[in-house]
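Asker: Requesting a structural model of the entry that follows:
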Amino acid sequence: MSKDRSSRRFYRAESTHDLSSFMDRGRAASDENRWTFECAWEVANKVGGIYTVIRSKAFVSTEEMGDNYCLLGPYKEQCARTEVEEGEFPSDSPLLTAVNAMRSKGYKLHTGTWLVDGNPQIVLFDIGSGAWQLDANKQELWDTCSVGIPHLDVEANDAVILGFMVAQFISEFREAVEGRGGVPARVVAQFHEWQAGTGLIVLRVRHVDVATVFTTHATLLGRYLCAGNTDFYNNLDKFSVDEEAGKRQIYHRYCMERAASHMAHIFTTVSDITGYEAEYLLKRKPDIITPNGLNVKKFSALHEFQNLHALAKDKIHEFVRGHFYGHFNFDLDKTLYFFIAGRYEFGNKGADIFIEALARLNHYLKSSGSEVTVVAFLIFPAKTNNFNVESLRGHALTKSLRDTIQHVQQRVGARMYDVCLRGHVPEPTELLLKEDTVRLKRCIYALQRDGLPPVTTHNVVDDWSDPVLNSIRRCELFNTVNDSVKVIFHPEFLTSTNPLFGLEYEEFVRGCHLGVFPSYYEPWGYTPAECTVMGIPSITTNLSGFGCFMQEHIADPMSYGIYVVDRRYISLEGSVQQLAQYMYDFTKMSRRQRIIQRNRTERLSDLLDWRNLGIYYRQARARALRTVYPEYVDHADVQLERAFTYPRPLSEPPSPAHSRATTPAASVHGSDSEEDEVDDEKELAELRISHD
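Answerer: Okay, here's the model as predicted:
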């Protein structure tokens, strides 16, 4: 295929903003004596989504700023000892001067590089070594900001200690770096979330000459309000924020977050929907939206992700065979795998309407006489006692059957070889002996079971009060032989050491057909973003940052495999019906149509790459510098006002007649034969997508 035709067929709309042109490993930053610190509670400390943001962005940050970029966070030994390579900074580095100044005052700091892509420099602060200053720190906060911190809130106490240590360190660094190379120092400090925000507050009240950026990934009060089953987005302008924060005993944390957002030179949020929330709850509109990205892995073969999907799907097939033994009456070639995953926030993550929509989907499939079976996985970490005995037994029995069949196959093959050598075609009785038949029958009889396949793979603690299990009971999704929708609740994150799946989460995602994330409260949404870069279609909502971002940047998200459920402007029942209809329409697609859609979904990976989205962080830092240093000139200034929208997918004329098979040819599992003809001019018609 010619290069021109290839680029046209596998069309990718190039972003108008690309960070690649600024990736000089810090040469420009060094010449300008420009330094950047990024502080977060989750630096080398895996807690939640911010860890993924910082970790995945580290590569483009270091490629842009080199050694003039440094991450700051708390020292958590359990994570740091496996993720951080400790070492001292170079002797001529102002970072070392600041570290030594801190150590001379009795603080304990760990320095080195983070063992992630980009290997960024890192300074981790031992919270315990600064605890002796806690009372003085709290007094200073009260005297300067009128923010009081209760003694019993350990997390807030730790945030205060970290904030003051970080502020002191940046102050020491500011003194050490001033005037190096004859160029005035320009320092930017970016803080993520309220746990790190105290450092920003202290820098401002102490008038340290530093440009500050505060990024909120989700407002503290917003998360609490959404968890309380309130009509959140329709009442944002009606909440008495001080009263609501006080009711939930988080008023002091709310004050820390609000103070940081107002005292920052530049305030950013990760999505428009979070910006809308911050405008009412934090009383400040964000200056810039800084969407979250991912490091997108490119494959040498354009369709390698399709082959990875087939391989991972086979492993999920094996799990399903074991889990549904005794009731395995459906065709895996006509089985689709849907999944939802994330923190166990039943309402916020949309698990409630997902289960309700699955019940509707089950009815649709049975009523229409569809031969398709849907296996829906719910992956939320919950408290468990251990694995479900029935789940383990099923996998043991299927393994026993597989081993027995392999043994019989070897013996049959040996007998067939011997008989054929004697010059005649073997009779069935010469190949499969009675003892082989007995062994097979024993395995088959062992696969019989009295009860239904379990809904959960583990014994969930207090399962009578578990929201997922209660919702499944209410919707009567019990995995009977008559159900077209089967449900599996896996209350544990997936790892390769899992005895049931034996799959990493990424591999599991690749093997599924559709990710379903109908979130009510989702400031960004990494789970659908991860699906997208792996070429897996997903369902999101217009209340998630990811969904809003896709609607803004893609003219027709559905044609790219991004289904956006309306959870903002229609009723809850309407949202459930829309979600159920999207899933039902997906089940009616042929294998070829799903291949077409996966190809289109994967084309969006460039849009979510940090090489494109990192430019928004750069712009936030540049604006903060211009606010503090009006004379500062960004020689690589980038204007982000230009709008860009991915168009509808391009179509391509059919291949010449002589290049096609003269007779119908069956597709081979995992082959590229079907995938090579994905950009037909009839693509949209095949996908049954209307654009009227």
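Asker: any idea how far whichever helix in the chain runs longest is from the chain center?
Answerer: Counting residues, the longest helix in the chain under DSSP state H turns out to be helix 389-421. Put simply, helix 389-421 sits 40 Å off its chain's centre (Cα atoms, centre = their mean, to the nearest Å).
Asker: low-confidence ranges in this protein?
Answerer: In the predicted model of the chain, residues 1-19, 21, 179-181, 229, 298-302, 635-692 satisfy pLDDT under 70.
Asker: Pick out the residue closest to the middle of it.
Answerer: Centroid-nearest residue in the chain: Tyr526, 2.7 Å away (criterion: Cα atoms, centre = their mean).
Asker: So that residue is in contact with Gly49, correct?
Answerer: Yes: checked against Cβ atoms under 8 Å, the pair Tyr526 and Gly49 is within contact range at 5.7 Å. Using the backbone N, CA and C atoms, a C-beta is placed for each residue, glycine as well.
Asker: Next, show the common contact partners of those two.
Answerer: Taking Cβ atoms under 8 Å, 6 or more residues apart in numbering as the contact criterion, the residues that touch both Tyr526 and Gly49 are Asn292.
Asker: Quickly note the distance from the residue nearest to the centre of the chain to Glu552.
Answerer: 18 Å (Cβ to Cβ, to the nearest Å).
Asker: And for Leu336?
Answerer: With distances defined as Cβ to Cβ, the gap from Leu336 to Glu552 amounts to 29 Å.
Asker: Does anything pack onto the longest helix of the chain? Which helices or strands?
Answerer: Based on contacts counted as 3 or more Cβ pairs under 8 Å, 6 or more residues apart in numbering; DSSP states H and E, the elements that helix 389-421 packs against are helix 304-323, helix 428-431, helix 434-446.
Asker: any chance of these in TSV, with mean neighbour count and distance to Thr497 too?
Answerer: Below are the helices and strands packed on helix 389-421 laid out as TSV (neighbours: other Cβ atoms under 10 Å; distance: least, Cβ to Cβ, whole Å):
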stretch	mean neighbour count	distance to Thr497
helix 304-323	19	14
helix 428-431	11	40
helix 434-446	12	27
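Asker: How about residues contacting the helix or strand hosting Phe37?
Answerer: Per DSSP states H and E: Phe37 is located in strand 34-39. Judged by Cβ under 8 Å, 6+ apart, the contacts made with strand 34-39 from elsewhere in the structure are 28-29, 54, 61, 65, 68-73, 166, 170, 173, 177, 185-192, 196, 199, 621, 625.
Asker: again, only using 7 Å
Answerer: Strand 34-39 is contacted from outside by 54, 65, 68-73, 166, 170, 177, 185-191, 196, 199, 621, using Cβ atoms under 7 Å, 6 or more residues apart in numbering.
Asker: Same question for stretch 176-191.
Answerer: Stretch 176-191 has contacts (Cβ under 7 Å, 6+ apart) with 32-39, 94, 97-98, 170, 174, 197, 199-200, 203, 210-215, 260, 621, 624-625, 629, 632.
Asker: and if you look at stretch 405-412?
Answerer: Counting by Cβ under 7 Å, 6+ apart, the neighbours of stretch 405-412 from elsewhere in the structure are Leu431, Leu432, Asp436, Arg439, Leu440.
Asker: Would you quantify the distance from the third one to Gln406?
Answerer: For Asp436, the distance to Gln406 (Cβ to Cβ) stands at 12 Å.
Asker: Check the second one too.
Answerer: Here the distance between Leu432 and Gln406 works out to 15 Å (Cβ to Cβ).
Asker: now the strand holding Phe37, how far from the chain's geometric center?
Answerer: Counting by Cα atoms, centre = their mean, strand 34-39 is centred 25 Å from the centre of its parent chain.
Asker: So what are the sheet partners of that strand and their directions?
Answerer: Using DSSP bridges, the strands paired with strand 34-39 are strand 69-74 (parallel), strand 186-192 (parallel).
Asker: Export these as JSON lines, with columns for mean neighbour count and distance to Glu427.
Answerer: Output for the strands paired with strand 34-39, formatted as JSON lines (neighbours: other Cβ under 10 Å; distance: least, Cβ to Cβ, whole Å):
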{"stretch": "strand 69-74", "mean neighbour count": "24", "distance to Glu427": "73"}
{"stretch": "strand 186-192", "mean neighbour count": "25", "distance to Glu427": "74"}
